[in-house]
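> Fold the following.
(4 chains)
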Number of protein chains: 2
Amino acid sequence: MSAIADVARLAGVSKSTASRALSGRGYVSEQTKTKVERAAAAIGYVVSSNAASLVTGRTRNVGVVIPFVNRWFFAEVLEGIESALIGAGYDLTLYRLSPNAALRERIFDYFLVRKRVDAVIAVDVALTAHEVALLKSLGKPIVSIGGDIDGISSLSIDDVRASRFMTEHLLSLGHTRIMHLGGDLNEQMDFRVHTQRLTGMREALDAAGIEHPDDFRAVPYTIPGGYAGALAVLGDPGSRPTAIVAGCDEIAIGAIVAARQLGITVPEQVSIVGIDGHNLAEMFGLTTLEQYPVDQGAKAVEMIMERLTSDRGPLEDERVTMPVHLKVRRSTTAPAGVAVR
Amino acid sequence: MSAIADVARLAGVSKSTASRALSGRGYVSEQTKTKVERAAAAIGYVVSSNAASLVTGRTRNVGVVIPFVNRWFFAEVLEGIESALIGAGYDLTLYRLSPNAALRERIFDYFLVRKRVDAVIAVDVALTAHEVALLKSLGKPIVSIGGDIDGISSLSIDDVRASRFMTEHLLSLGHTRIMHLGGDLNEQMDFRVHTQRLTGMREALDAAGIEHPDDFRAVPYTIPGGYAGALAVLGDPGSRPTAIVAGCDEIAIGAIVAARQLGITVPEQVSIVGIDGHNLAEMFGLTTLEQYPVDQGAKAVEMIMERLTSDRGPLEDERVTMPVHLKVRRSTTAPAGVAVR
DNA sequence: CCATCGAATGGAACCGGTTCCACATGGTCG
DNA sequence: CGACCATGTGGAACCGGTTCCATTCGATGG
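Prediction:
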């Protein structure tokens, strides 16, 4: 293929001048610049990013480590990251980090370290101290989305607070028999989101002085998971709670479908709240605490770029808490027998 | 950082021997090989893929061009591609191709061409002749998922046939008032999937000699889209069809939810079929024609790898039709008044 | 008027690997 | 026993850029 030497020859200048003309660095006269540009266009020249990276040490490529791409939150975050990176002129190399430990090690040692990425964004992946040290020793900025990791910047919502807030919303409506339909505490993501969202509800109930035996049922973190779980929970009229705090909107939506299936009206017979702001929430009238994963992805990129372009060495580690917003729809009301205020 | 020259020095061999020892190419004695490996481990050496790519011309990196990551089909395909690529020791660079024409051109000219990828997989993106020529001139294999493109290999299901088949399923149950709830023909993806799935239904109806005025309503290709569309279509008892062929499972699921909302029983009062095999289909009892996007992604990678590893020049372009499978669940039955055979 | 400086350019080193080629050695075969 | 070949190793060129350094030239200024 055509190399910069060909361009230089055609334009009648040296390699170095051609390089300067095309990259815009250093002194080049207007005249030679257009001459070089014309020559480049004539032979369809494109820089080899490999060669450029080799000498500059920057790849203009960011690695994204993410456990799923087919779940709402992760897909949205990924979209946010992708848009922001493209906008900044960076490539995005995707590593889906399966739970498989061997594969995980391979991805780190084999892929991420090979000087192919300038930075890493970890989405809901708790990097080990070893992994962090490895990347840091290579001078690569890292940002974590979804949870704090020692020694690196991170960005997430406050999951405990989110869940407590939604529970307080139900309490304020007069509910006292509240249950959490959330993720399995043993199978949760690295940052213990499942535990935190359960904890938030319990904090709220404790603060209100409400007993809460039998307050939790573990289900898969999906719509079918919430559906199956809710069928079981709502099936027995005797022990039925008057309100459900779902671990996420997927679970909440599954629960709404299950309730309808059982002929239980939402919100009259059971109130249901979610956390997330899933794009199906509107359709199901779900009251939820919206978070904005696209913005989270964009913010992570912004933090990465600050670090990459900052001359004054690595910045301090930041802890950014991302905003959430209560969206009240039609899935919550006062429990039967209690007047709405 | 440590370069291969450092390893060589430490091991007391030449650069070339060190390279051979670490890459496994060429003759190296067992003894020196372990010596070099030990030296490499001692100083934490990792190859620079940039340097290697520069000289070999292979990047071990595949570009994936995809319009969405937050829709079921695309997320599944992406997952299939990612797994297969990691397994083959390749990286995956993701380009989400927005409808924005300027950005699209930028992605091609600026990103894809810069010798950073060995091959390209296009998911539901109709590359222009110019784009194909560009990539081919660089010797990069391309595989298209989701539709045929002149001059390159492709892999997809037969969308017309799929839709015709599902319509025939409804016809065989005795339905005659069948309607298509599908994607907007003007806003469809590059490969006219929307048109094809509409066409399939019409072919089946024509073949059965059934008149089908007012047989189509365009809706967004999502669950809320199907929901809203079905509310409108099913709302009027007079003109209500006895069966709906949805353009995809998302639309079908939205329609099922809408029907339940309206108090219309599925399948007794209206049968609904989808196409896709969405992971919510089971929960909603949806009869659908399953396709297997994860397999499609894996197959695409396989085709790419064949081309990359084949010594005997570029292979011929292939047209692979991927398998589908009818999954009958509880959303279809004979129309009211017609005995089930 | 000569020193100084900025603009413009070319030459050459360099980034970190891979690979071609030359050379040495020892074993096998005709 | 010489030819040949497989094995093993080092030297050097090369991939395609970027950047440092030296050089030239014209303008500025003391």
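> Residues contacting the lowest-mean-pLDDT helix or strand in chain A, please?
Comparing helices and strands within chain A by mean pLDDT, DSSP states H and E singles out helix A:101-106 as the least confident, with a mean of 74. When contacts are defined by CB atoms under 8 Å, 6 or more residues apart in numbering or on different chains, helix A:101-106 is touched by residues A:97-98, B:86. From N, CA and C alone the C-beta is placed, and that goes for glycine too.
> The residue nearest to the spatial centre of chain A and residue A:324: what is the separation?
Taking CA atoms, centre = their mean, the centroid of chain A lies closest to residue A:77, which sits 4.1 Å from it. Counting by CB to CB, to the nearest Å, the gap from residue A:77 to residue A:324 is 15 Å.
> And the helices in chain A, which stretches?
Along chain A, counting by DSSP state H, helices occupy A:4-11, A:15-23, A:30-42, A:49-56, A:72-87, A:101-106, A:129-137, A:159-172, A:193-207, A:223-235, A:249-261, A:293-309.
> possible to save those as CSV with distance to residue B:36?
Shown next, in CSV, are the helices of chain A (distance: least, CB to CB, whole Å):
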stretch, distance to residue B:36
helix A:4-11, 34
helix A:15-23, 35
helix A:30-42, 41
helix A:49-56, 22
helix A:72-87, 37
helix A:101-106, 21
helix A:129-137, 22
helix A:159-172, 48
helix A:193-207, 45
helix A:223-235, 51
helix A:249-261, 51
helix A:293-309, 34
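> looking at those, which is buried most?
Across the helices of chain A, the average number of neighbours (mean count of other CB atoms under 10 Å in any protein chain shown) peaks for helix A:249-261, which reaches a mean of 26.
> Of all the helices of chain A, which one is nearest residue B:317?
For those, distance to residue B:317 was read as CB to CB. The smallest value, 28.2 Å, belongs to helix A:49-56.
> show me where pLDDT drops low in the stretch 51-200 of chain A?
Filtered on pLDDT under 70, the stretch 51-200 of chain A yields the residue ranges A:99, A:101, A:110, A:112, A:188-190.
> for DNA strand C, what are the nearby residues on it?
If contact is defined as CB under 7 Å from any atom of the strand, the residues of the stretch 51-200 of chain A in contact with DNA strand C are A:51, A:54-55.
> Go again with 6 Å.
Residues of the stretch 51-200 of chain A lying close to DNA strand C by CB under 6 Å from any atom of the strand are A:54-55.
> For the stretch 51-200 of chain A, which residues are neighbours of DNA strand D?
Near DNA strand D, when you scan the stretch 51-200 of chain A using CB under 6 Å from any atom of the strand, you find A:51-52, A:54-56.
> Rebuild those as JSON lines, extending it with distance to residue A:142.
As requested, those are arranged in JSON lines below (distance: CB to CB, whole Å):
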{"residue": "A:51", "distance to residue A:142": "27"}
{"residue": "A:52", "distance to residue A:142": "23"}
{"residue": "A:54", "distance to residue A:142": "23"}
{"residue": "A:55", "distance to residue A:142": "24"}
{"residue": "A:56", "distance to residue A:142": "21"}
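> ok, which pair from those is furthest apart?
Those two in these that are separated most widely, counting by CB to CB, are A:51 and A:56, at 9.6 Å.
> Grab the nearest non-local neighbour of the residue of the stretch 151-300 of chain A found nearest DNA strand C.
When distances are taken as CB to the nearest atom of the strand, the stretch 151-300 of chain A reaches nearest to DNA strand C at residue A:152, 24.4 Å away. The shortest distance from residue A:152 to any non-neighbouring residue, by CB to CB, 6 or more residues apart in numbering or on different chains, is to residue A:142 (4.5 Å).
> circling back: near chain B, from the residues of the stretch 51-200 of chain A next to DNA strand D?
Among these, the residues lying close to chain B (CB under 8 Å from any CB of the partner chain) are A:51, A:54.
> Report whether the expected contact of residue A:280 with residue A:248 is present.
No: taking contacts as CB atoms under 8 Å, residue A:280 lies outside contact range of residue A:248: 11.6 Å.
> If you count surrounding residues, which of those two has more?
In terms of neighbours (other CB atoms under 10 Å in any protein chain shown), residue A:248 is the more surrounded of residue A:280 and residue A:248; the figures are 27 against 24.
> Distance-wise, check the nearest residue to that one once chain neighbours are set aside relative to DNA strand D.
The spatially closest residue to residue A:248, leaving aside those adjacent along the chain, is residue A:276, at 5.1 Å (CB to CB, 6+ apart). Relative to DNA strand D, residue A:276 is positioned 43 Å away (criterion: CB to the nearest atom of the strand, to the nearest Å).
> Please tell me how far residue A:276 sits from residue A:12.
Here the distance between residue A:276 and residue A:12 works out to 61 Å (CB to CB).
> Which of these two has more residues huddled nearby?
residue A:276 (27 against 12).
> quick one: pLDDT of the more buried one?
According to the model's per-residue confidence, residue A:276 sits at a pLDDT of 97.
> So for stretch A:7-27, mean pLDDT?
For stretch A:7-27, the mean confidence score works out to 94.
> Can you give me the end-to-end span of it?
18 Å (CA to CA, to the nearest Å).
> Spell out which parts of the stretch 151-300 of chain A neighbour chain B.
When proximity is defined by CB under 8 Å from any CB, the stretch 151-300 of chain A lies next to chain B at A:222-224, A:227, A:254, A:257, A:260, A:279-280, A:282-284.
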